[in-house]
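Enquirer: Just need the structure, nothing else, for what follows:
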Amino acid sequence: MPHFEKLMKRSISLLGSDLFLHAWNDKKLFSRLTGFDTFVSNFEFIETEAWFDMDWFQEVMQSNWDDKPEVFFHFSHKGEVAGEALIHYCRQIDLAIKNREEFEEWFWRSAKLLQNLSVFIPITHPISMLIEKKVRAILSGHGVPERDLDEQVLTVSAPDKRNGPEQELIDLRRIHHQMRHPGFDTEAALAAHWKKFAYLGYRDLFSSGYSLEFFRDRLMTGNLDEMGIPHRDLATDGFSSDELEMIRLLKEFVWFRNYRTEKFFEGFYLLEPLWKALSRAYQLEEHDLFYYLVGDVSALFIHDTHLPDAELASRRAGTALLLDDNQFLLLTGELLKKKEADIREESDPDAKEINGMVVCRGVCSGPVVIVHNDGELDKVKEGDILVTGMTTPDYLPALQKAAAFVTDEGGITCHAAIVAREMKKPCIVGTKRATEVLKEGQKVEVDANAGTVRIL
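Expert: Below is the predicted model:
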């Protein structure tokens, strides 16, 4: 039996999940694109939760332990190429077309490009773990004591490359500076900025991304120069060229982990209008296609075969899409409930404490604010304890106000860990269930020395 662990929560459609799993289970595609002779035979999407096969993680780490850094740099480069190809194509989609054949061509080509990017999603996790272990060994060999290793790994892993939210902030600052000049068309620049970066607000199915007004409000806040994270570098005198290359590789993968997540959300943001248009073209409700499987879409296009209303209703109510020993299975209704009961660790409703990984030491207390998506960031006030599944760079304004961060997901080099170290705020990651156990407004103590969050 595989050893499954829930590592993240992602709100994507059933159709998106099915496209992903079929790509991950395609050995030829997976190996050709990633360069690694492996593929995914066990994985489970249960509602919004992604359950990984940790035995596969160990297998990937062990079989690639002796690989040279250039192998992994080549992997991230190919992933970036796949990401840019997807976004370039999706931004050309013309929804003014009227006939089904053109819609279908847009769909299948974009689905293939989405699958090409998707194969970089699962394997990036074990590779990141492998690289981190190597860097920890390097730092330890240079005399860094065990108690300081986490801190030093965080310091050296801050990426040099910019991700989307960082570039958005830089571009918005440029507009802010240029708008002072006579003749500068602020509204035109802001509209172009919105078109380029609206996707950063898309983290949930059927969400609309950031609005033009969101960026206009940010432009007028006047504190843009105060946003962002200053980066620090570790003194690396005495490190060999091979050791410095491994440290550079860790920086690359901290960036790439954010990149491939960012690009698949951008892809879904751009594809959602196409999938809605296809639903209408085939006399479906606007969101019906999102609940189809890949085989269902083929039957719809070729034979005009629609899913029965009862089946659609069942899927809308919740699904689990399983890949178990190379076999695909879709669960709904009572079967879904049974699966959730079997696999999910029961949360103790009377629990007073949860545990996780310390990534920045300190102790503080305050009221819990649970953030499920970017649209809830405005809830965070000065001194709150921000509790979320994971953070991304667009969480920065809320993170600057929070007294401490607690996440369900993440490890020593995740985004929350890097931000916490730079801001010197207590942070505990990888609790797996903070958003389930803690309640909005509860007073808690975050002891980021012991790795506990205690309800007061």
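
Enquirer: after whatever helix or strand Ala137 lives in, next one along is what?
Expert: According to DSSP states H and E, Ala137 maps onto helix 120-141. Note on helix 120-141: by DSSP H and E, the next helix or strand toward the C-terminus is helix 146-157.

Enquirer: send the alpha carbons of that next one over as CSV?
Expert: Taking Å, rounded to 0.1, in the frame of the first residue of the first chain, the C-alpha atoms of helix 146-157 are listed here in CSV:
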residue,chain,number,x,y,z
GLU,A,146,22.4,21.8,13.9
ARG,A,147,20.4,24.5,15.7
ASP,A,148,21.3,27.1,13.1
LEU,A,149,20.9,24.9,9.9
ASP,A,150,17.3,25.9,9.2
GLU,A,151,18.1,29.5,9.5
GLN,A,152,21.1,29.3,7.2
VAL,A,153,19.2,27.2,4.6
LEU,A,154,16.5,29.9,4.5
THR,A,155,19.2,32.5,4.0
VAL,A,156,20.9,30.8,1.1
SER,A,157,17.7,29.7,-0.6
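
Enquirer: just checking, what packs against it?
Expert: helix 120-141, helix 241-281, strand 357-360, helix 415-423 (3 or more C-beta pairs under 8 Å, 6 or more residues apart in numbering; DSSP states H and E). Where you see a C-beta, it was placed from the backbone N, CA and C, and this is true even at glycine.

Enquirer: List the contacts of the nearest residue to Lys134 once chain neighbours are set aside.
Expert: Computed as C-beta to C-beta, 6 or more residues apart in numbering, the closest residue to Lys134 that is not its neighbour in sequence is Met246, at 5.4 Å. With contact set as C-beta atoms under 8 Å, 6 or more residues apart in numbering, Met246 has these partners: 69, 131, 134-135, 138.

Enquirer: Among these, which one has the most neighbours?
Expert: Within the contacts of Met246, neighbour counts (other C-beta atoms under 10 Å) peak at Ile131, which reaches 23 neighbours.

Enquirer: That one against Arg248, yeah?
Expert: No - using C-beta atoms under 8 Å as the test, Ile131 is too far from Arg248 to be in contact (10.3 Å).

Enquirer: roughly how far apart are the closest residue to Glu245 other than its chain neighbours and Ile123?
Expert: Once flanking residues are discounted, Glu245 sits nearest to Pro69: 5.0 Å by C-beta to C-beta, 6+ apart. Distance of Pro69 to Ile123, computed by C-beta to C-beta, to the nearest Å: 16 Å.

Enquirer: Just give the nearest non-adjacent residue to Phe264, would you?
Expert: Leu117 (5.9 Å).

Enquirer: again, but for Asp26
Expert: Counting by C-beta to C-beta, 6+ apart, the residue nearest Asp26 is Phe39, at 6.8 Å.

Enquirer: Model confidence score at the one you found, please.
Expert: Here the pLDDT value assigned to Phe39 is 96.

Enquirer: Kindly report the same for Thr452.
Expert: 93.

Enquirer: Hmm, it is touching Lys352, no?
Expert: No - using C-beta under 8 Å as the test, Thr452 is too far from Lys352 to be in contact (9.9 Å).

Enquirer: So if I had to pick from those two, which one is more boxed in?
Expert: Neighbour count, other C-beta under 10 Å: between Thr452 and Lys352, Thr452 has more, with 19 against 12.

Enquirer: Name the residues linked to the more buried one by a beta bridge.
Expert: Note on Thr452: beta-bridge partners Asn355, Asp447, judged by DSSP bridges.

Enquirer: Identify the residues contacting it.
Expert: 353-355, 428 are the contacts of Thr452 under C-beta under 8 Å, 6+ apart.

Enquirer: Also Ser279?
Expert: Counting by C-beta under 8 Å, 6+ apart, Ser279 has contacts 285-289.

Enquirer: And the strands in the stretch 1-150 of the chain?
Expert: Using DSSP state E, counting those that start in this stretch, the strands of the stretch 1-150 of the chain run over 4-9, 43-46, 49-53.

Enquirer: for those strands, which one sits closest to Phe20?
Expert: strand 43-46 (8.2 Å; C-beta to C-beta).

Enquirer: ok, Met357 to Ile385 distance?
Expert: Taking C-beta to C-beta, one finds Met357 at 17 Å from Ile385.

Enquirer: same thing with Leu250?
Expert: In terms of C-beta to C-beta, Leu250 sits 29 Å off from Ile385.

Enquirer: again, but for Asp67
Expert: 41 Å.

Enquirer: Have a look at those two and say which one is more surrounded.
Expert: Shown here are Asp67 and Ile385; by other C-beta under 10 Å, Ile385 has more neighbours (26 against 14).
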